[in-house]
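K.L.:
this is a predicted model, with the sequence first.
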Amino acid sequence: MLSIDGSMGEGGGQLLRSSLALSLLTSTPFQMTKIRAGRARPGLMRQHLAAVHAATEIGRAHTEGAAMGSTELTFHPNGIRAGNYNFAIGGAGSTTLVFQTILLPLLLGGTEPSNLTFEGGTHNPMAPPFDFLEKTFLPVLVKMTSGARVEIRLERHGFYPAGGGLWTATVHPATEHSRLELVHRGEVRARHATALVAQIAPAVALRELDTLSNLLGWDRNACKPTMVRHSHGPGNALLATIESDNVVEVITGFGERGVRAETVAEGVAREVARYLAADVPVGEHLADQLLLPMALGAGGTFRTVKPSLHCLTQIELVKLFLGTAITTTEEAPDAWRIDVPSK
């Protein structure tokens with residue numbers, strides 16, 4: 001059984017979710033201790049438990065320690081099972097993070113399609129929004145495989161703290177792996193932004209879009225508000241999209257009580273400016289999400305901004321499970337090359 005220190009690297013929920021995915025795909029049982037030890041509220045929270053339960057269900061696994069607040073977990077997988085699943089996270093727990101926990105096992109380790117339904121948060125701080133999955137992550141993921149197809153459909157937005165989002169996914173497994181080469185972004189074809197607002201003043205969206213377009217010099221006509229209907233609670237997300245020849249990058253900021261709309265837009269503008277200035281195809285958040293499918297498949301190379309602690313932690317975890325030595329090379333102050341050997 002593999003022993004994992006849950007406080008290593010970034011020491012958060014990503015370490016647990018990635019461990020669950022790797023365990024399912026390698027049939028490796030593990031014991032994790034010190035789960036989220038450095039967080040203000042250590043141990044398993046609701047959305048982490050949701051990921052454990054989802055992995056347990058599709059992997060017919062035996063677990064010990066799967067309880068609220070637990071700082072230790074033992075996970076014994078017993079084979080990946082495709083099927084029809086409904087995962088209700090409860091509250092505004094991130095459904096996209098639970099999806100990413102089980103996606104690779106179903107996509108790379110399954111033999112039959114699976115149909116998934118998720119209820120909970122769809123646009124959460126500290127988690128990829130639905131739009132990022134749809135436009136950025138999944139198109140690149142599918143490039144790494146033959147036969148794979150992932151179709152997702154948003155039925156209802158779910159913002160923090162009310163949640164209540166609803167969406168579905170159909171996962172058709174891969175038949176072969178392809179090496180990923182994503183070193184050039186190519187020409188930027190389009191730049192646009194959307195400000196989602198639910199049960200709050202439309203003026204918030206307009207102020208965000210005015211600020212963003214002014215700071216970046218984007219066409220204001222390409223920056224539009226979207227009034228979200230049928231939301232279970234108030235919410236706001238500002239999404240900036242950069243469409244290039246080889247990749248689409250979605251950068252998101254979330255409105256919070258007491259935070260000015262202009263401040264939200266300024267944060268998104270800084271991240272967009274950084275990404276464009278680095279002249280790399282892969283943004284900060286996509287980088288750590290590509291490592292697992294590459295290492296489990298045919299490997300490859302991509303260029304990105306300076307690797308985050310999340311990315312470096314993923315690298316260490318991949319080495320622990322697979323023995324794969326992923327290398328990072330600095331090419332410029334904020335442009336790095338990451339090389340992933342095939343398994």
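P.N.:
Cool, the structure landed. Quick caveat, the model's predicted, so the values are computed rather than measured. Numbers count the residues shown, from 1 in each chain.

K.L.:
doesn't Asp131 fall inside a strand?
P.N.:
No: counting by DSSP: H, G, I helix; E, B strand; the rest coil, Asp131 falls outside a strand, being helix.

K.L.:
that one touches Thr252, doesn't it?
P.N.:
Yes: with contact defined as CB atoms under 8 Å, Asp131 reaches Thr252; the gap is 7.4 Å. (Glycine included, C-beta is placed from N, CA and C.)

K.L.:
now do the shared contacts for these two.
P.N.:
Counting by CB atoms under 8 Å, 6 or more residues apart in numbering, the contacts common to Asp131 and Thr252 are Leu239.

K.L.:
quick one: which of those two has more around it?
P.N.:
Neighbour comparison, Asp131 and Thr252: the larger count goes to Thr252, with 23 against 20 (by other CB atoms under 10 Å).

K.L.:
show me what that one is bridged to.
P.N.:
Thr252 forms beta bridges with Leu239, as assigned by DSSP bridges.

K.L.:
roughly how far apart are it and Asp334?
P.N.:
For Thr252, the distance to Asp334 equals 20 Å [CB to CB, to the nearest Å].

K.L.:
cool, Arg179 as well?
P.N.:
Distance, Arg179 to Asp334, using CB to CB: 25 Å.

K.L.:
I figured Ala61 hits Leu73, correct?
P.N.:
No: using CB under 8 Å as the test, Ala61 is too far from Leu73 to be in contact (10.8 Å).

K.L.:
outline the domain layout of this protein.
P.N.:
The chain breaks down by automatic domain parsing into domains covering 1-80, 82-178, 188-277, 279-343.

K.L.:
helix, strand or coil for Asn78?
P.N.:
Using three-state DSSP, the structure places Asn78 in coil.

K.L.:
that one: what's it in contact with?
P.N.:
Neighbours of Asn78 in contact, by CB under 8 Å, 6+ apart: 59-62.

K.L.:
returning to what we had before: which one of Ala61 and Leu73 has more residues nearby?
P.N.:
A count of neighbours by other CB under 10 Å puts Leu73 above the other of Ala61 and Leu73, at 25 against 22.

K.L.:
look up the closest residue to that one, ignoring the ones flanking it.
P.N.:
In this structure, Leu73 finds its nearest non-sequential neighbour in Gly65, 4.4 Å apart by CB to CB, 6 or more residues apart in numbering.

K.L.:
then Arg36?
P.N.:
Leaving out its chain neighbours, Arg36 is closest to Pro42 (CB to CB, 6+ apart), at 5.0 Å.

K.L.:
off-centre distance for stretch 62-80?
P.N.:
Averaged C-alpha coordinates place stretch 62-80 at 22 Å from its chain's average position (CA atoms, centre = their mean, to the nearest Å).

K.L.:
distance of Ala273 from Ala261?
P.N.:
Ala273 sits 19 Å away from Ala261, taking CB to CB as the criterion.

K.L.:
got it, and Ser19?
P.N.:
Ser19 is 38 Å from Ala261, by CB to CB.

K.L.:
over to Cys223?
P.N.:
Remark: distance between Cys223 and Ala261 (CB to CB) = 13 Å.

K.L.:
with Leu196 instead?
P.N.:
13 Å.

K.L.:
common neighbours of the two, please.
P.N.:
205, 236.

K.L.:
ok, Arg185 touching Val280?
P.N.:
Yes: using CB under 8 Å, Arg185 is in contact with Val280, at 6.4 Å.

K.L.:
neighbour count winner among those two?
P.N.:
Per other CB under 10 Å, whichever of Arg185 and Val280 has more neighbours is Val280, with 27 against 20.

K.L.:
ok, and the closest non-adjacent residue to the more buried one?
P.N.:
Spatially, and ignoring its direct neighbours in sequence, Val280 is nearest to Arg303 (4.4 Å; CB to CB, 6+ apart).

K.L.:
near the one you found, how many other residues are there?
P.N.:
Counted with other CB under 10 Å, residues neighbouring Arg303 total 21.

K.L.:
and it, bridged to which residues?
P.N.:
Arg337.

K.L.:
helix or strand right after the longest helix anywhere in the chain?
P.N.:
What stands out as the longest helix in the chain, according to DSSP state H, is helix 261-278. Helices and strands here follow DSSP states H and E; after helix 261-278, the next one along the chain is helix 284-296.

K.L.:
just name the shakiest helix or strand of the protein by mean pLDDT.
P.N.:
strand 145-146 (a mean of 85; mean pLDDT, DSSP states H and E).

K.L.:
thinking again about what came up before, of Ala273 and Ala261, who's got more company?
P.N.:
Ala261 (25 against 13).

K.L.:
got the CA positions of stretch 57-68 in PDB?
P.N.:
The C-alpha trace of stretch 57-68 is given here as PDB (Å, rounded to 0.1, in the frame of the first residue of the first chain):
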ATOM      1  CA  GLU A  57     -18.700   4.100  -6.400                       C
ATOM      2  CA  ILE A  58     -17.000   3.900  -9.800                       C
ATOM      3  CA  GLY A  59     -14.100   2.000  -8.400                       C
ATOM      4  CA  ARG A  60     -16.100  -0.400  -6.200                       C
ATOM      5  CA  ALA A  61     -13.500   0.600  -3.600                       C
ATOM      6  CA  HIS A  62     -13.200  -0.100   0.100                       C
ATOM      7  CA  THR A  63     -12.500   2.900   2.300                       C
ATOM      8  CA  GLU A  64     -11.600   3.600   5.900                       C
ATOM      9  CA  GLY A  65     -11.700   7.100   7.400                       C
ATOM     10  CA  ALA A  66     -14.200   8.600   4.900                       C
ATOM     11  CA  ALA A  67     -15.900  11.000   7.400                       C
ATOM     12  CA  MET A  68     -16.200  14.700   8.000                       C
END
